[in-house]
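In: prediction below, plus the sequence it came from.
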Amino acid sequence: MKEEFIKLLKSTNREGMDNLLNFLEKSDFYTAPASTRFHGNFEGGLLEHSMKVYEIFSEKIKNSGLGTPEETIIIAGLLHDICKTNFYKIDFRNAKNARGEWEKVPYYTVEDTIPYGHGEKSVMMLTEYIKLTNEEKYAIRWHMGFTEPKELYGTIGEAYKKYPIALLLNEADLEATYFYNI
């Protein structure tokens, strides 16, 4: 899966992509979970989630007739959650095992060293390495949809009207999360 992920990103020929891939290689992106408990909360969950979102997003774009460039589909689909890189840590807690005995068990916890939000943090991190189109910025920024604070609902709606792929990325993210649990 990692090889396919890298191959897809390299196929965009986006300037700076090698530096971004180098950053990802040195980070925990390929081994990180996608969340602590909601979906993909296992080693490699973030990579698997990113690939599934890309797969669903790609189909949605093709069926929409929007004519979105393939490199935009790849970048937005695969990198929408780059903000979760170096974000989760393993900690331990006490829990009873099957025999009713207490033991230390690992679990994922959040250690947010760059508290800059979610979608906006992904955009910020990506623009340190590659130039994003406006369509990519909006899609990645608003991929969380209406899980954002209700005060932003009007803004989200306007963003979805201006850049419909942002709505399609939100739908792909939801489907990967709730239909596939990754």
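Out: Thanks, I have the structure now. On a predicted model such as this, the values are computed, not experimentally measured, just so you know. Numbering: from 1, shown residues only.
In: how far away is the most centrally placed residue in the chain from Glu158?
Out: Nearest to the mean C-alpha position of the chain, by C-alpha atoms, centre = their mean, lies Asp81 at 2.1 Å. Distance from Asp81 to Glu158, counting by C-beta to C-beta, to the nearest Å: 23 Å. Where C-beta positions appear, they are placed from N, C-alpha and C, glycine not excepted.
In: tell me where the protein has helices.
Out: In the chain, helices defined by DSSP state H lie at 2-11, 17-26, 45-64, 70-79, 119-127, 134-141, 153-162, 164-178, listed in chain order.
In: mean pLDDT for those helices: which is lowest?
Out: Considering those one by one, the lowest average pLDDT is found for helix 153-162, at a mean of 93.
In: quick check: closest non-adjacent residue to Ala4.
Out: You called it Ala, but residue 4 is Glu. The spatial neighbour of Glu4 that comes closest, neighbours along the chain excluded (C-beta to C-beta, 6 or more residues apart in numbering), is Met51 at 7.1 Å.
In: ok, now Ile90?
Out: With C-beta to C-beta, 6+ apart as the criterion, Ile90 has its nearest non-adjacent residue at 5.1 Å, and that residue is Pro106.
In: separation between that neighbour and Lys52?
Out: Plainly put, Pro106 is 24 Å away from Lys52 if you go by C-beta to C-beta.
In: which of those two has more neighbours?
Out: Lys52 (23 against 9; other C-beta atoms under 10 Å).
In: who touches that one in this structure?
Out: Counting by C-beta atoms under 8 Å, 6 or more residues apart in numbering, Lys52 touches Ala176, Tyr180, Ile182.
In: closest to Gly119 out of those residues?
Out: For Gly119, the closest of the contacts of Lys52 turns out to be Ala176, at 15.7 Å, with distances computed as C-beta to C-beta.
In: quick check: the closest one touching Asn170?
Out: No - shown here, Ala176 and Asn170 do not form a contact pair, counting by C-beta atoms under 8 Å, at 11.0 Å.
In: the two - which one has more neighbours?
Out: Just comparing Ala176 and Asn170: by other C-beta under 10 Å the higher neighbour count belongs to Ala176, 25 against 22.
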